[in-house]
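[1] I need the structure of the sequence given here:
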Amino acid sequence: MQEPQQISVSKLIRGTTGVYMKVRVVRKWKKEDFRKAFVGEDFSLELILVDEEGHVIQATVGKALIQSFEDKIIEGYTYKIGRFQTFQNRGYDIATAHKCRLRFGSTTTIERIQALIPKSAFKFVSFQDIIDNNLDGRMLIDVIAEVDAYDMVSNVDNLERTYLVLEDLNGDKLRFWLWGQYVEDAKRISSEIKYKKEKPIVVLQCVLRVPHEGEIKLSTTDNASKILINPNIPQVHEFRARNANKPPRTRGIVHIKTKDILAGNIKTIDELKNIEKAGTYVIVAYITKIDKTFKWYYNGCKVCTCNAGKKADGLWYCSQEECVAHEIGNHYRLTRFQAKFYIEDAYGGKAFIKMFDKLIKMKVNKSVMQCIEKLKEVSTKESGSILHTI
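    Residues are numbered from 1 along each chain as shown. Okay, the predicted model is just below:
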């Protein structure tokens, strides 16, 4: 009988047999079973493995075998694994870009060994790629960034949530939502900012990219995500050094992306008004006034966030016919805050924009309510950009 041969992760293809690998387990988590008959149970045990060459692959232990392997596998340790199966890497919550995934079977062997294998295998993606949608939406991604701000913890359907505003080395910002068990990490981060008076560097492993209401955000996913605060790794030391040498940002200087210039997407307000084709455009303008008479909040549908109204049965119904909540009422609704801003560009063009609370807070670090309160302190006869008052 032929002896099994060692193989590297990069050479694995579907149907590979008669081989073994030496790998380190750099991430381990349980995926929940969301089928109605099995809610609350574990669906699978998921692993991210890295070999001696730094290549990564995901491995799955099915529901029936979790108890057989769970205690044998410890995150951070190195193993020799053999008699595994390979199949196409597909589905949701894909943690590596490898075309294949390993499946543990009843005959799979695993032996703890000593080996020189990298202790981490982060595949960091840039905020620009996240914003520009250059990634597979099913992929779990790794991110490194500085925490710029944080929000208070709220409770939605008995589940705690909060968010952090993250900033990368290019000054791009993204909102990162943390749910359930991950809220404790957010509390630790907020304590660092509050008491140490410094913005921590975070490494996010296996998080989701989520488009929502025109905004791209990051989010934790059930059990897979991991948040490291100021970890002692080379990538964080490099980030901190480059961040310290970054020139300070000056209010009033607008950074426009080269691709928008080349694509002709930069328009004046008057040009924008005459465009009939829908698309994404860039204008450079100043906020001159906030409309204090504008109704700056409304009751929103919990499903799609559009307007919702309360009927005689005491339930909230969505105004949009396409929404499931249009026919089926909900006991809850979301209070959606927004403000109306008047803007003016350098060519005299004027317009107004409506911005939701979360976008305002991300841009000026103040909520709609804080902006309104600030306006009450400023005389209505005062001229000049409202930016100076906010």
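
[2] from here on, contacts and neighbour counts on C-alpha atoms
    Will do.

[3] Ala186 touches Leu164, doesn't it?
    Yes: the pair Ala186 / Leu164 is scored as a contact, 7.4 Å apart, by CA atoms under 8 Å.

[4] pretty sure Lys187 sits in a strand.
    No: judged by DSSP: H, G, I helix; E, B strand; the rest coil, Lys187 forms no part of a strand; its state is helix.

[5] what mean pLDDT does stretch 100-120 have?
    Stretch 100-120 shows a mean pLDDT of 95.

[6] which residues are contacting it?
    12-14, 22-24, 26, 50-54, 57-62, 65, 72, 76-89 (CA atoms under 8 Å, 6 or more residues apart in numbering).

[7] kindly report the same for stretch 345-354.
    With CA under 8 Å, 6+ apart as the criterion, stretch 345-354 contacts 268-270, 283-286, 338-344.

[8] separate out the buried members of those residues.
    With burial judged by 16 or more other CA atoms under 10 Å, the buried subset of the contacts of stretch 345-354 is 268-269, 285-286, 338-344.

[9] quickly find the element holding Asn170.
    Using DSSP states H and E, Asn170 falls within no helix or strand.

[10] if we can go back for a sec, hey, what's in contact with both of Ala186 and Leu164?
    Common contacts of Ala186 and Leu164, defined by CA under 8 Å, 6+ apart, comprise 150, 178.

[11] tell me which residue is most central in the protein.
    In the chain, the C-alpha nearest the mean C-alpha coordinate belongs to Leu218, at 0.8 Å (CA atoms, centre = their mean).

[12] which residues does that residue bridge with?
    On the basis of DSSP bridges, Leu218 takes part in beta bridges with Phe176, Arg209.

[13] in this structure it contacts Leu174, no?
    Yes: using CA under 8 Å, Leu218 makes contact with Leu174 at a distance of 7.1 Å.

[14] rewinding a little: which of the contacts of stretch 345-354 fall in strands?
    Judged by DSSP state E, the contacts of stretch 345-354 include 285-286, 338-344 as members of strands.

[15] lowest pLDDT pick from these?
    For the ones in strands among the contacts of stretch 345-354, the pLDDT minimum is Gln338, 73.

[16] tally of neighbours for Val165?
    Neighbourhood size, Val165 [other CA atoms under 10 Å]: 21.

[17] am I right that Tyr182 sits in a helix?
    Yes: judged by three-state DSSP, Tyr182 forms part of a helix.

[18] point me to the helix or strand that includes Glu146.
    With DSSP H and E as criterion, Glu146 is part of strand 141-150.

[19] touching that strand from outside, list them.
    So strand 141-150 is contacted by 95, 122-126, 162-169, 186, 190, 199-209, 236, 365 (CA under 8 Å, 6+ apart).

[20] what's the ChimeraX syntax to select whichever of those residues are buried?
    Burial among these is assessed by 16+ other CA under 10 Å; the matching ChimeraX selection reads:
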select :95,122,162,163,164,165,166,167,168,169,186,190,199,200,201,202,203,204,205,206,207,208,209,236,365
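
[21] now, which of the contacts of strand 141-150 lie within strands?
    Among the contacts of strand 141-150, the members found in strands (DSSP E) are 162-167, 201-209.

[22] out of those residues, who's nearest Met355?
    Ranked by distance to Met355 (CA to CA), these are led by Val165 at 17.3 Å.

[23] so that closest one versus Asp151, what's the distance?
    8 Å (CA to CA, to the nearest Å).

[24] same deal with Phe69?
    Per CA to CA, Phe69 is found 39 Å from Asp151.

[25] for the stretch 1-150 of the chain, what spans make up the strands?
    For the stretch 1-150 of the chain, the strands defined by DSSP state E, counting those that start in this stretch cover 5-6, 19-32, 42-51, 56-62, 78-82, 85-88, 100-104, 109-112, 141-150.

[26] so where's the protein shaky on pLDDT?
    Scanning the chain for pLDDT under 70 picks out 1-2, 36, 213-214, 247-265, 292-297, 302-305, 321-336, 357-390.

[27] domains for it, by residue range?
    The record's domain split for the chain, according to automatic domain parsing, is 5-112, 127-244, 258-295+337-388, 300-334.

[28] got a markdown table for these, with distance to Pro118 too?
    Listed next are the domains of the chain as a markdown table, based on distance: least, CA to CA, whole Å:
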| stretch | distance to Pro118 |
| --- | --- |
| domain 5-112 | 6 |
| domain 127-244 | 12 |
| domain 258-295+337-388 | 37 |
| domain 300-334 | 44 |
